[in-house]
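A.B. asks: Quick one, structure for this:
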Amino acid sequence: MHSELKPFTPSRAHPFDFGAAGHLWQRAAFGGSFDAITETAARSPREAVAALVDGPGDDPEERGLDSIWEAVLGGGDADGLRAWLIARQARCAHQVREKIALFWHSHFATSLLKVRKVDWMARQYRLFLRHGLGTFETLLRAVTRDPAMIRWLDNETNAKGHANENYGRELLELFTLGDGNYTEKDIKEASRAFTGWHILNDRYHFSKTLHDAGVKTVLGKTGPFGGDDVIRIALDQEACGRFLATKLLRFFVTPKPDAEVAASLGKEMRRNGYHLSATLKLLFGSRYFFDRKNRGGMIKSPIEYVVGAARAFQVKLDGGAAVPALRHMGQDLLAPPNVAGWPGHNEWINTASWLARVNGIRNLVTSPSVSLTQAGRALLGDRVPQTEIDRLQKSGASKRDLAHALLALPEAHMS
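C.D. replies: Numbering: from 1, shown residues only. Take a look at the predicted model:
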């Protein structure tokens, strides 16, 4: 294992303090309240990471949101579903599960604009919530059978003698191996393995008569492969671990991860059977994650910015109001820009999106229930511009205006 992936050991020079605990909350989750971060800082790094990744045993907020799930699903309203998902991100205690679901939504980027069935998109997102911290193999098999994905990548038209290569291509390029680790022949042969993987009555249906059961050669292996065989073969590749590890590092740690660290994390993923919970515990507890050079240097996505602000100010976020605001900021749930998902980091900020962020947050964080100092610490950790906060507090502005001014600071858009 690469030395940077070994456990972070606090020292006098690099303590596990409020700033480090806040960094953990900002990156592994969407952000925490002052009290939650203070409680985390009182634990050891290992205990703190395990508590976040494993989540609580019971959560009344989650039970309340789950109780209206059938109504959300039956309503057929896309923005209603988006509001429900945002409410989960803002209120549910198991934030790591919500954060990894958002990661998978971009990794398996599927858009309602083509799928055109809200209930299918809802069920797909539930897969990310249900399997997002389990094994990647289980999740990948479920997503491959998911009606939204089947329609999104045209596998409905994939039949023996007329193979559609869209899913086979994206499986290798975007979901498992990355560009350069397969050939065009691999795509063609893999696509044959998924012939007959169709939809019937809104569910996955395997059509034996439309499936090509012939011998195929994929990534150096030969046999009468079906889709699950191709998934297994792809997961066996060293490139798969490295590819997934690189994407996780870019999402949670740094936009430019060290290649050797990524390769080492990929090997650990393959060793533990691509178990995401174990992988995230390793990553979030590592020296690399807590290295000061990897703190405060990533631009928050609109969802991270909005949900993190609500949590820092302990505001009950209005999911319905957040939907159009996030859309203006450049992140519309259920509608990633293309099959590669949201590019992230620098792409989140331009002149228009900056104004949309600063203007939109004012209407979402309306009744802060904590002090500016506590909210500032929760938002910024050890990056608090104390002189700026002192100036704001002396200005005589209303609590809402003070909150807005804090959230407009450049530091508030970084994690």
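
A.B. asks: the strands in the stretch 151-300 of the chain, which residues?
C.D. replies: Per DSSP state E, counting those that start in this stretch, the stretch 151-300 of the chain carries strands over the ranges 197-200, 203-206, 216-218, 221-223.

A.B. asks: so the residue most central in space within the chain, which of the three states?
C.D. replies: Nearest to the mean C-alpha position of the chain, by Cα atoms, centre = their mean, lies F103 at 1.9 Å. Three-state call for F103 (DSSP: H, G, I helix; E, B strand; the rest coil): helix.

A.B. asks: before we move on, back to that, need the winner for burial among the strands of the stretch 151-300 of the chain.
C.D. replies: Stretch with highest mean neighbour count among those: strand 216-218 (a mean of 20; mean count of other Cβ atoms under 10 Å). Where C-beta positions appear, they are placed from N, C-alpha and C, glycine not excepted.

A.B. asks: elements contacting that one?
C.D. replies: helix 184-193, helix 227-235 (3 or more Cβ pairs under 8 Å, 6 or more residues apart in numbering; DSSP states H and E).

A.B. asks: Out of these, which is closest to S301?
C.D. replies: helix 227-235 (28.0 Å; Cβ to Cβ).

A.B. asks: what residue ranges in the stretch 1-150 of the chain score low on pLDDT?
C.D. replies: Along the stretch 1-150 of the chain, segments meeting pLDDT under 70 are nowhere present.

A.B. asks: Now do the helices in it.
C.D. replies: 18-28, 34-41, 45-54, 60-67, 69-75, 78-91, 95-107, 112-115, 118-131, 136-144, 147-152 (DSSP state H, counting those that start in this stretch).

A.B. asks: For my notes, please list those helices in TSV and give distance to F175 for each entry.
C.D. replies: As requested, the helices of the stretch 1-150 of the chain are exported to TSV (distance: least, Cβ to Cβ, whole Å):
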stretch	distance to F175
helix 18-28	23
helix 34-41	33
helix 45-54	23
helix 60-67	28
helix 69-75	26
helix 78-91	22
helix 95-107	7
helix 112-115	17
helix 118-131	13
helix 136-144	7
helix 147-152	10
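
A.B. asks: who wins for proximity to D179 among the ones you listed?
C.D. replies: helix 95-107 (15.0 Å).

A.B. asks: so that closest one versus helix 118-131, what angle?
C.D. replies: 130 degrees (axes from the mean of the first three to the mean of the last three Cα atoms, to 10 degrees).

A.B. asks: Check the offset of helix 95-107 from the chain's centre.
C.D. replies: 3 Å (Cα atoms, centre = their mean, to the nearest Å).

A.B. asks: Could you figure out how far it is turned away from helix 78-91?
C.D. replies: Going by the same axes, to 10 degrees, helix 95-107 makes 140 degrees with helix 78-91.

A.B. asks: just the angle between helix 95-107 and helix 34-41, please?
C.D. replies: 100 degrees.

A.B. asks: Out of the helices and strands packed on strand 216-218, flag the one nearest R287.
C.D. replies: helix 227-235 (27.7 Å).

A.B. asks: residues of the closest one that come out buried?
C.D. replies: G227, D229, V230, I231, I233, A234, L235 (16 or more other Cβ atoms under 10 Å).

A.B. asks: my guess is E156 meets T195, correct?
C.D. replies: No - with contact defined as Cβ atoms under 8 Å, E156 does not reach T195; the gap is 11.2 Å.

A.B. asks: Please identify which of these two sits among more neighbours.
C.D. replies: Each of E156 and T195 has its neighbours counted (other Cβ atoms under 10 Å); T195 has more, 25 against 14.

A.B. asks: From A83, how far off is the nearest residue to that one once chain neighbours are set aside?
C.D. replies: When the adjacent residues along the chain are set aside, T195 lies closest to D212, with 4.5 Å between them (Cβ to Cβ, 6 or more residues apart in numbering). Distance, D212 to A83, by Cβ to Cβ, to the nearest Å: 43 Å.

A.B. asks: about what we covered before: redo the strands of the stretch 151-300 of the chain as a markdown table? Include distance to R145.
C.D. replies: As requested, the strands of the stretch 151-300 of the chain are exported to a markdown table (distance: least, Cβ to Cβ, whole Å):
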| stretch | distance to R145 |
| --- | --- |
| strand 197-200 | 7 |
| strand 203-206 | 4 |
| strand 216-218 | 19 |
| strand 221-223 | 21 |
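
A.B. asks: Identify whichever of those strands lies nearest to H23.
C.D. replies: strand 203-206 (40.6 Å).

A.B. asks: list the contacts for the nearest residue to P302 once chain neighbours are set aside?
C.D. replies: Leaving aside its sequence neighbours, P302 sits nearest to M329 (Cβ to Cβ, 6+ apart; 3.6 Å). Residues in contact with M329 (Cβ atoms under 8 Å, 6 or more residues apart in numbering) are P302, Y305, V306, S353, A356, R357, G360.
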